[in-house]
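Chemist: Turn this into a structure:
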Amino acid sequence: MAGDYHRSVIITHSTLFIAMITVFSWISIPFIPVPITLQTLAVLLTGTIMKRYAIIPMSMYLILGIIGFPVFHNGTAGVGVLLGPTGGYLIGFIAAAVLLGLCYEKTDDRIHIAGLVLGTLLIYACGLSWLILSVPMNPVPAIVAGMLPFIPGDIIKAAAAFLITKRIQPYTGKISVR
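Modeler: The predicted structure follows:
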């Protein structure tokens, strides 16, 4: 690893984003059945900065939570969180970050914005699917409880991720795809 700048940047960014997602998971508004947190902002930033390598910190974050580190919303941890109503959203974080990362490998801002929208929709799709199965709920109440209240905040988070990435990307030690 000595002298491998690319690998060092990936490891450093992965550590940073795992910490960011964890800290942002503590910033929450209690809501039933799923709390409103800033985790999704951190997930979006992970995808925009790390591109396809976003799978590394997102997977490690989930593994840390599963093995008992209190990294999920409000310091929760364990397999029980994944089996509960928020589990689908957490799994959706991985898929969304990777999809968004692939979109951010392109240079067109329209593709970046589409990636932010599709990534957010992917989180909703995974989260709602699991919410319907785990609670159990019918689709309409699941959408009312598990998506509609989050849309305004997620629009703001997506816009913030777009602007933050634009601002800091020249300083992030760009991760190139080999």
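Chemist: where along the protein do the strands fall?
Modeler: 28-29, 36-37 (DSSP state E).
Chemist: same for the last one, what does it pack against?
Modeler: Counting contacts by 3 or more Cβ pairs under 8 Å, 6 or more residues apart in numbering; DSSP states H and E, strand 36-37 is packed against helix 5-26, strand 28-29. Glycine gets a C-beta too; all of them are placed from N, C-alpha and C.
Chemist: Parallel or antiparallel, which strands does that strand pair with?
Modeler: strand 28-29 (antiparallel) (DSSP bridges).
Chemist: give the contact list for K106.
Modeler: Going by Cβ atoms under 8 Å, 6 or more residues apart in numbering, K106 touches H112.
Chemist: do the same with F162
Modeler: So F162 contacts T48, H112, I113, L116 (Cβ under 8 Å, 6+ apart).
Chemist: swap the cut-off to 10 Å and go again
Modeler: L44, L45, T48, D109, H112, I113, G115, L116 (Cβ atoms under 10 Å, 6 or more residues apart in numbering).
Chemist: Touching, the fifth one and K166? I think so.
Modeler: Yep, that's H112 we're talking about. Yes. Between H112 and K166 there is a contact at 8.8 Å, judged by Cβ atoms under 10 Å.
Chemist: Those two: which is more packed in?
Modeler: H112 (19 against 12; other Cβ atoms under 10 Å).
Chemist: Just the pLDDT at the more buried one, thanks.
Modeler: At H112, the predicted lDDT confidence score is 97.
Chemist: list the contacts for it?
Modeler: T48, L100, C103, Y104, K106, A161, F162, T165, K166.
Chemist: pretty sure the second one contacts Y53?
Modeler: No. With contact defined as Cβ under 10 Å, L100 does not reach Y53; the gap is 11.9 Å.
Chemist: quick one, helices of this protein?
Modeler: In the chain, the helices defined using DSSP state H lie at 5-26, 39-50, 55-66, 79-83, 87-104, 109-134, 139-146, 151-168.
Chemist: quick one, which of those helices is packed in tightest?
Modeler: helix 39-50 (a mean of 27; mean count of other Cβ atoms under 10 Å).
Chemist: helices and strands around that helix, which ones?
Modeler: helix 5-26, helix 55-66, helix 87-104, helix 109-134, helix 151-168 (3 or more Cβ pairs under 10 Å, 6 or more residues apart in numbering; DSSP states H and E).
Chemist: tell me the contacts of the residue positioned nearest the centre of the chain?
Modeler: The chain has V43 as the residue nearest its centroid, 2.5 Å off, counting by Cα atoms, centre = their mean. Residues near V43 by Cβ under 10 Å, 6+ apart: 17, 20-21, 24, 54, 57-58, 61, 89-90, 92-94, 96-97, 100, 119-120, 123, 157, 161.
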